[in-house]
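S.K.: Fold the following, please.
(chains A and B)
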Number of protein chains: 2
Amino acid sequence: MKLYDSRLAPNPRRVRWFMAEKGVEDIEIVLVDFMKGEHKTTEYRAEVGLPVAPALILDDGTAITESLAICRYLEHFYPEPNLLGRDPKETAIIEMWTRRAELLLANPLMLGVRHGHPALAALETQVPEVSQNNIQGAEKALKLFERRLSESEFIGADRLTMADIVAIASLDFARIIRFQVPETAPNVKRWLDAMRARPAAKAGM
Amino acid sequence: MKLYDSRLAPNPRRVRWFMAEKGVEDIEIVLVDFMKGEHKTTEYRAEVGLPVAPALILDDGTAITESLAICRYLEHFYPEPNLLGRDPKETAIIEMWTRRAELLLANPLMLGVRHGHPALAALETQVPEVSQNNIQGAEKALKLFERRLSESEFIGADRLTMADIVAIASLDFARIIRFQVPETAPNVKRWLDAMRARPAAKAGM
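M.R.: As a prediction, this is how the structure comes out:
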């Protein structure tokens, strides 16, 4: 298997973090430089199907994109430590929180950056209202995560799971537009510090 | 188990459609009227955790929200017909296409409606640019689905899967802002007609 990876963007980092928690080291990593447009070449599109990374290329040539689809595939072959759930109920709760992290934090913050950061003006027709609207949405969503983390050490279960990885990759990425967790969310801050102290936080950084 | 369901919104419809394809009839359905604010009552929030539907309440009281988390849970107990994948590779491909349907069609069209339809002005501080930007994104994404459906009868696999359900629920919902699949996407139109002709298309409508 071969993984097309990319620095800086949050979605490739989810997969790197996921693999680092599991100690996966036998998958070839090929770096793709977005700023140089390496994901937009004819060859890359032909192999992967879309100009995106991460992309996992299976031994039969099948390309899997979408970070969560890649992680679920890897979980099957590298089951420990479990990051997606051990039984139907736990799996459902982890997926619920992973999706909340994605829809309420990761997507809005991604749009906040793409429509708000000067460095991305070349890649995107930026609409300032889109950026502002999304950042406000993420700020509002932090209240939900503060409530959750006041009752639980981690977001998705009583141990680190995919939900935490999606949330931290998003919040770390949003630092480039100076998005900060407010003082009114002390449990999110506590969790943030713990996540940043994990060895996997350094994977590929 | 008990399912909090709601009419009109696209995410509850995914779960209804999923259950209809499987012939699930032994789960109690409780309708929640969003326009009357029934999802915002103190009792509802206390039971479900968030003012959202769908929500599946397990027999032990655990509330699962997020349509895809609910469907994965149900797939375990009602495995046929399989809608999420029979092996790791097929599961990954279906999840990849489900996520593309969600991120490239469903989310943008939802924001297109929420920020663009007069009936929702009471629920949302509407930003016209957010609506337009998202509708344009969905239009662009249809090219990807046209390409896929020119090679495959269904979006996620060689049979109906969750990916088709997410896409059709989104495109049907967007009819309220007169979003239409263009003539330049004949395979999406062919697929759309086939989806709308399925018995499950009527579930709870």
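
S.K.: residues in chain A within reach of chain B, list them.
M.R.: Residues of chain A lying near chain B by Cβ under 8 Å from any Cβ of the partner chain: A:50, A:56, A:58, A:62, A:64-66, A:68-70, A:72-73, A:76-77, A:88-89, A:91-93, A:95-96, A:99-100, A:103, A:107, A:127, A:129-130, A:133, A:144. For glycine as for every other residue, the C-beta is placed from the backbone atoms N, C-alpha and C.

S.K.: Now restrict the residues you listed to buried residues only.
M.R.: Burial by neighbour count, judged by 16 or more other Cβ atoms under 10 Å in any protein chain shown, picks out A:50, A:56, A:64-66, A:68-70, A:72-73, A:88, A:91-93, A:95-96, A:99-100, A:103, A:107, A:127, A:130, A:133, A:144 from these.

S.K.: So which of the residues you listed sit within helices?
M.R.: A:68-70, A:72-73, A:88, A:91-93, A:95-96, A:99-100, A:107, A:130, A:133, A:144 (DSSP state H).

S.K.: any idea where the strands of chain A begin and end?
M.R.: A:2-5, A:28-31, A:55-57, A:63-65 (DSSP state E).

S.K.: Bridge partners for the closest residue in space to A:Val52 that isn't next to it in sequence, pull those for me.
M.R.: Of all residues not flanking A:Val52 in the chain, A:Thr65 sits nearest, at 5.3 Å (Cβ to Cβ, 6 or more residues apart in numbering or on different chains). Beta bridges link A:Thr65 to A:Ala55, judged by DSSP bridges.

S.K.: thinking A:Thr65 is in contact with A:Ile57, fair?
M.R.: No - counting by Cβ atoms under 8 Å, A:Thr65 does not reach A:Ile57; the two are 10.1 Å apart.

S.K.: Put the alpha carbons of stretch A:68-84 into CSV.
M.R.: Provided in CSV are the C-alpha atoms of stretch A:68-84 (Å, rounded to 0.1, in the frame of the first residue of the first chain):
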residue,chain,number,x,y,z
LEU,A,68,-12.2,8.7,7.5
ALA,A,69,-12.6,6.0,4.8
ILE,A,70,-8.9,5.5,4.8
CYS,A,71,-8.8,5.2,8.6
ARG,A,72,-11.6,2.7,8.7
TYR,A,73,-9.8,0.6,6.1
LEU,A,74,-6.6,0.7,8.1
GLU,A,75,-8.4,-0.1,11.4
HIS,A,76,-9.3,-3.5,9.9
PHE,A,77,-5.6,-4.4,9.3
TYR,A,78,-4.1,-2.6,12.3
PRO,A,79,-6.8,-3.1,14.9
GLU,A,80,-4.9,-2.0,18.0
PRO,A,81,-5.2,0.4,19.7
ASN,A,82,-8.8,0.5,18.7
LEU,A,83,-9.8,4.0,17.5
LEU,A,84,-13.2,3.5,15.9
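
S.K.: Identify the residues contacting A:Thr65.
M.R.: For A:Thr65, the contacting residues are A:Val48, A:Gly49, A:Leu50, A:Val52, A:Ala53, A:Pro54, A:Ala55, A:Leu56, B:Met96, by Cβ atoms under 8 Å, 6 or more residues apart in numbering or on different chains.

S.K.: let me redo that: A:Glu28
M.R.: A:Met1, A:Lys2, A:Leu3.

S.K.: for the first one, what are its contacts?
M.R.: Just to be clear, that refers to A:Met1. Neighbouring residues of A:Met1 by Cβ under 8 Å, 6+ apart: A:Ile27, A:Glu28, A:Leu56, A:Ile57, A:Leu58, A:Asp59.

S.K.: cool, the second one as well?
M.R.: Shown here is A:Lys2, whose contacts under the criterion Cβ under 8 Å, 6+ apart are A:Ile27, A:Glu28, A:Ile29, A:Val30, A:Leu56, A:Ile57.

S.K.: Return the member of those residues nearest to chain B.
M.R.: A:Leu56 (8.0 Å; Cβ to the nearest Cβ).

S.K.: just checking, A:Leu142 touches A:Pro182?
M.R.: Yes - contact between A:Leu142 and A:Pro182 holds when scored by Cβ under 8 Å: they sit 7.2 Å apart.

S.K.: the more surrounded of those two?
M.R.: Per other Cβ atoms under 10 Å in any protein chain shown, whichever of A:Leu142 and A:Pro182 has more neighbours is A:Leu142, with 20 against 12.

S.K.: Can you read off the pLDDT for that one?
M.R.: pLDDT for A:Leu142: 97.

S.K.: Which residue comes closest to it once chain neighbours are left out?
M.R.: A:Leu142's closest residue in space is A:Ala185 (Cβ to Cβ, 6+ apart), at 5.2 Å.

S.K.: I'd say that neighbour and A:Phe145 touch.
M.R.: Yes - contact status for A:Ala185 versus A:Phe145: in contact at 7.4 Å, counting by Cβ under 8 Å.

S.K.: Those two - which one has more neighbours?
M.R.: A count of neighbours by other Cβ under 10 Å puts A:Phe145 above the other of A:Ala185 and A:Phe145, at 23 against 20.

S.K.: Look at the closest residue in space to the more buried one that isn't next to it in sequence and say how many residues are nearby.
M.R.: Among residues not flanking A:Phe145 along the chain, A:Val188 sits closest, at 5.5 Å (Cβ to Cβ, 6+ apart). A:Val188 has 22 neighbours, counted by other Cβ under 10 Å.

S.K.: Perfect, I'm done here.
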